[in-house]
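**Q** this one's sequence-less:
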């Protein structure tokens, strides 16, 4: 999540679901909360990959009816993005 989601309520809701929040603190927070910068970078890479995958209309609109063919299309698109 981005700094815009830095609130105690959101952090508490994540912790209740056993999810470790990886949200950097806002600059105006009185007591900055530590976050794992490496996990934040990894999350960002994954989020950017999903955004690039959604640029392919076939993946974004999910034309395939079967889960196996949709997965194959996502894998082909991801491989194309890695090569590119």
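**A** Thanks, I have it. Quick caveat, the model's predicted, so the values are computed rather than measured. Numbering: from 1, shown residues only.

**Q** distance between stretch 77-84 and the chain's centre?
**A** Here the centre of stretch 77-84 is set off from its chain's centre by 18 Å, with CA atoms, centre = their mean, to the nearest Å.

**Q** for it, which positions count as buried?
**A** Neighbour-count burial for stretch 77-84 flags residue 77 (criterion: 16 or more other CB atoms under 10 Å). Yep, even glycine has a C-beta here, placed from its N, CA and C like the rest.

**Q** same question for stretch 32-51.
**A** Buried, per 16+ other CB under 10 Å, within stretch 32-51: residue 35.

**Q** which residues are in contact with it?
**A** Residues outside stretch 32-51 that contact it (CB atoms under 8 Å, 6 or more residues apart in numbering) are 6, 11, 20, 21, 22, 23, 24, 25, 78, 81.

**Q** buried residues in the lowest-mean-pLDDT helix or strand in the chain, which are they?
**A** Scoring the helices and strands of the chain by mean pLDDT, DSSP states H and E places helix 57-61 at the bottom, with a mean of 83. Across helix 57-61, burial judged by 16+ other CB under 10 Å covers residue 59.

**Q** now, of the contacts of stretch 32-51, which are buried?
**A** 6, 11, 21, 22, 23, 24.

**Q** just the residues you listed: which are in helices?
**A** residue 11 (DSSP state H).

**Q** residue 62: which of the buried ones among the contacts of stretch 32-51 is nearest?
**A** When the buried ones among the contacts of stretch 32-51 are compared for distance to residue 62 (CB to CB), residue 22 wins out at 28.2 Å.

**Q** what residues are up against the residue of the chain positioned farthest from its centre?
**A** For the chain, the C-alpha farthest from the mean C-alpha position belongs to residue 30; by CA atoms, centre = their mean, that distance is 27.1 Å. If you count contacts by CB under 8 Å, 6+ apart, residue 30 has none.
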